[in-house]
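In: Predicted model, plus sequence, below.
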Amino acid sequence: MKLYGKVVGTNIPRADAKEKVTGTALFIDDLRFPRTLIMKVLRAKVPHAIINSINIDNAEKMPGVHKVFTGKSLGLDKNHLFGTCIFDQPPIAIDKVRHAGEVIAVVIAETESQALVAIKEIDVNLEELPFVLDAIEAADPNAPLIHEQNGNYRHVPTFVPIPKSNVFYMYQLKKGDHEEVFKDAEIIVEDEFEYPLMNHAAIEPHGAIARWDHTGDIHVWSSSQAPFVLREVLSDYFDIKQMTKLHIHIPYLGGGFGGKSDYTIEPLVTLAAKLVPGYHVKFVLTRKEVFIGSVLGRGMKGFMKLGAKSDGTLVGIEATQYYSDGAYGDTGCNVVLAGGHNCVGPYYFPNCNLKSFGVYTNSTPVGAFRGYGHPEGQFMVERLIDKIALKLDMNPNQLRMKNFLQHGDTNSLGQIVTRHNGDIRKCFTQTVAKLNETSLPPEDEEYFYGRAVVGLIKSPVQTANASSTVFLKFNEDLTVNISIGGVEMGQGCLTVLAQIASQTLHIPVERIRINYEINTQLTPYEWQTVASMTTMRVGNAIIIACEEAIKKFKTNAAEVWNCSLNDIVYNGTRVSYQDKTLSLKELVLGYQYPDGHTLGNPILSTGSSVVRNVTFPDLETGQYQPYEWTYGSQGVDLKINKTTGKISILHFVTALDAGKIINPALAEGQITGGVMQGIGQALKEKIEYDESGNMITTNLRKYAIPRLSDMPEKYSCIFIETPQPDGPFGARPIAEHPAIGPPSVILNAIQRATGISLTSIPVTTERMLELLRNGGE
Amino acid sequence: MELNIIVNKKAYTFEVEPSDSLLDILREKLNLTGTKNGCKQGHCGACTVVVNGKAVKSCITKARKLENANIVTIEGISSDFSLHAIQEAFIEATGVQCGFCTPGYIMELYALFNANPEVGKEDINKALEKHLCRCTGYKPIVQSAMLAQQKIRKE
């Protein structure tokens, strides 16, 4: 008897690989439908303005044009807005413009070129207003007010705005003696930091297609990580009385990284389609529009102060972070929360006083980005810990080891840390040991060399009742279909989830198909594919569905044998009881006797997984119960060319306590990809605006994401596997984590190599050269 | 203008504008959507196809330069149900994540290895440097290219 019990933990090939290497995998722009019209938009090109008038008369008369509209031409109500936490956004500018990329008019035409010609015929009269891009300046009471209605918008109770200001959300976390944070401190270090706005730069641009049927049904295809959030937002905004009318379809996503988790263009495309019932309206962003007309990430300016005893024991932390969240706040508010409380990193501080502000600015709105507030905050704490080490003349690695959270500690949020949370010390020492396998060369004529190691921590930020559900059916030939609502965007969920199902059902993984035809009418509910939670939450739902299916095979057999369910043994090919056996094939549609009469039922099951014990932040202390934690550590060896300023990564080590690794090759691919994104943020990437408030970095040359030549000479990935008690086979989240540490660890290594202390990124080659020439900033 | 081209061994004649891009001709006239549009500015390499034996970015290749061109796209490199060695290598060496940049990389290497199966590592890296991938951190792509070369040498 063969049990297929060993597929978890092995490198099976990706389920979606053949489609992707042959070009047959369909992405949003590949979908073809009859009666398709192309949508193009006119954007404001000024960051803050009153819309006096927009004349669309000539544009409407252009060849091939079906509709042209503006917020005013449709008579949109400026108080009717969409959102999920803070309802502050219209699908198109109505009375005022809040960022230069904001849509002010839309053309729907037969072809793209006809739409582009018609757009040129639109006359715009805008009255420009003073604008503000910097979050700290925008938080000033005298700054230009971007939302006059701030404070009056519908919002969930935990997101408290400051009315008559640009602060749409202020989060505060207090732990211990938050008023006298540093009363036990013998030394204090502090600094100001900047983690600029960045772009996800998925290679696939975001797009959506919408159609309103004459039946009142609405179909939306979108490259979205969050079909069910989209359904909620659209049904709320368009007042759709029944969700059975809304069909959200998701094709493959060409990368997400959080940039496709927030709704962006979907309400506007759906609004456009409503004007041409029966037609598909297609809108795929150009690369420039991905930068100016979707969502950005990061954008934090902050101040942090740490106190320690002279033996290096940390005693307190104070931080204030300002997040420049762009023209609309809904997509940024949870990042402000996560960045607020996770800036402490994996360290124990008895006293915390942490504030973070979500601030409206006149930039493209800001949303989720791989790491979700954690890279921003932990950039500060890891830089300052090195500063303490310097000040105390202590080994920075020993300083970290001394202060890492351990079993029994209470973290900033008030949670008690337990052993099952993972082993940060093991991650850290193994990272150090891995780097030590090669000695770092001493400074020579051409190069400085630097090495550093940091810790990291991340919790999945998710709503308190986030859930995953799955449907499972056994086919007559004992193949299995499992429907999920999780989105495949490259992370490999179709593969890993099949491995989990295979091992639970004891059947070969080749016989399992995780269905990938997401349609909210047919697909079971999934909160959204974010927070690195798909393996864990959907995996758990799949285990429950598989166990239910096994139970149903046993139930069928128990009816035949007239015995107790508990006495029946299942092994993936048959069930047995004492000396009797029945093959699964004999039971899969129920058991049929030779004379035809049948007992039992076909095998069909469901499973669900809801996060438990997660609460909303307390309004007074900011403390709450988020979900579980993943600890990790990252280390770097780098060299800096003294004549060019070029920083080359020699070796980048990542150790994560990820619990059970379901597919090591796929997990390693998440690590190398996340590290490369983090290195890009440390050394290359920054969104920049010109004096008129228009973005400069609107293509992939000016916004330079890493290329092959930026790759570390060597990557090392270490997995510590402390089991997560409630994870599938002990797995816990890992996908965002490798993007957290690179900025801090690289800047720490630069300081150790050159003595130059930096508090902002990116450290481009040009900037490094300038710093070397001037001996600092 | 009238354009005569061969795409994946089949001859076509189109009425096009001289400034039309090869990418649009492939995707919109032939519905060959395996060639991807990542930026339409020649920056990302996702749209790479092979024209007269050379890998080119189809988004910046204009119709006026394509008369009688012989074009191979991702749809044209595997026969029946068997994959090309480069495609196999990308699967085995986990060079695929989201898959959006994958056809471009495969076509780049297809031209490179067809011209010289013994091409050196430096030239392979130079070819891969023209492409952007946001998922893998590049290591799996380099490994896929190396594995592809091994497979092609054995054939």
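Out: Ah, there it is. Numbers count the residues shown, from 1 in each chain, chains lettered A, B, ... in the order given.

In: what about A:Val276, neighbour count?
Out: Look at A:Val276: counted by other CB atoms under 10 Å in any protein chain shown, it has 18 neighbours. For every residue, glycine as well, the C-beta is placed using N, CA and C.

In: Shouldn't it be within a strand?
Out: No. Applying DSSP: H, G, I helix; E, B strand; the rest coil, one finds A:Val276 to be coil, outside a strand.

In: For it, which non-adjacent residue is spatially closest?
Out: Once flanking residues are discounted, A:Val276 sits nearest to A:His66: 5.5 Å by CB to CB, 6 or more residues apart in numbering or on different chains.

In: How is the chain partitioned into domains?
Out: Defaulting to chain A. Per automatic domain parsing, the structural domains of chain A span A:17-25+A:466-610, A:33-129+A:204-254+A:260-292, A:297-462+A:615-774.

In: Correction: the question concerned chain B.
Out: Annotated domains of chain B cover B:2-76, B:85-154 [automatic domain parsing].

In: Between the two ends of the last one, how far is it?
Out: Put plainly, it is domain B:85-154. End-to-end distance of domain B:85-154 (CA to CA, to the nearest Å): 10 Å.

In: Any part of that domain near chain A?
Out: Yes. Judged by CB under 8 Å from any CB of the partner chain, domain B:85-154 comes into contact with chain A at B:87, B:90-92, B:94, B:96-103, B:106, B:125, B:128-129, B:131-142.

In: and the stretch 551-700 of chain A, which residues reach chain B?
Out: Within the stretch 551-700 of chain A, the residues that sit near chain B (CB under 8 Å from any CB) are A:665-666, A:668-669, A:671-677, A:699-700.

In: could you redo the last one with a cut-off of 7 Å?
Out: With CB under 7 Å from any CB of the partner chain as the criterion, the stretch 551-700 of chain A meets chain B at residues A:Ala665, A:Leu666, A:Gly669, A:Thr672, A:Gly673, A:Val675, A:Met676, A:Asn699, A:Leu700.

In: any idea how far A:Ile188 lies from B:Ala127?
Out: Using CB to CB, to the nearest Å, A:Ile188 is found at 53 Å from B:Ala127.

In: before we move on, back to that, narrow the residues of domain B:85-154 next to chain A to those that are buried.
Out: In the residues of domain B:85-154 next to chain A, burial by neighbour count holds for B:87, B:90-92, B:94, B:96-103, B:106, B:128, B:131-142, counting by 16 or more other CB atoms under 10 Å in any protein chain shown.

In: still on that earlier bit, who has more neighbours, A:Ile188 and B:Ala127?
Out: B:Ala127 (21 against 17).

In: which helices and strands sit right next to the helix or strand hosting that one?
Out: Using DSSP states H and E, B:Ala127 maps to helix B:121-128. On a contact count with 3 or more CB pairs under 7 Å, 6 or more residues apart in numbering or on different chains; DSSP states H and E, helix B:121-128 meets helix B:102-115, helix B:139-154.

In: what about the first one, average pLDDT?
Out: Averaging pLDDT along helix B:102-115 yields 98.

In: Burial check on the closest residue to A:Glu777 other than its chain neighbours, number of neighbours?
Out: By the measure of CB to CB, 6+ apart, the closest residue to A:Glu777 outside its immediate chain neighbours is A:Leu771, 6.5 Å from it. For A:Leu771, the count of nearby residues is 18 (other CB under 10 Å).
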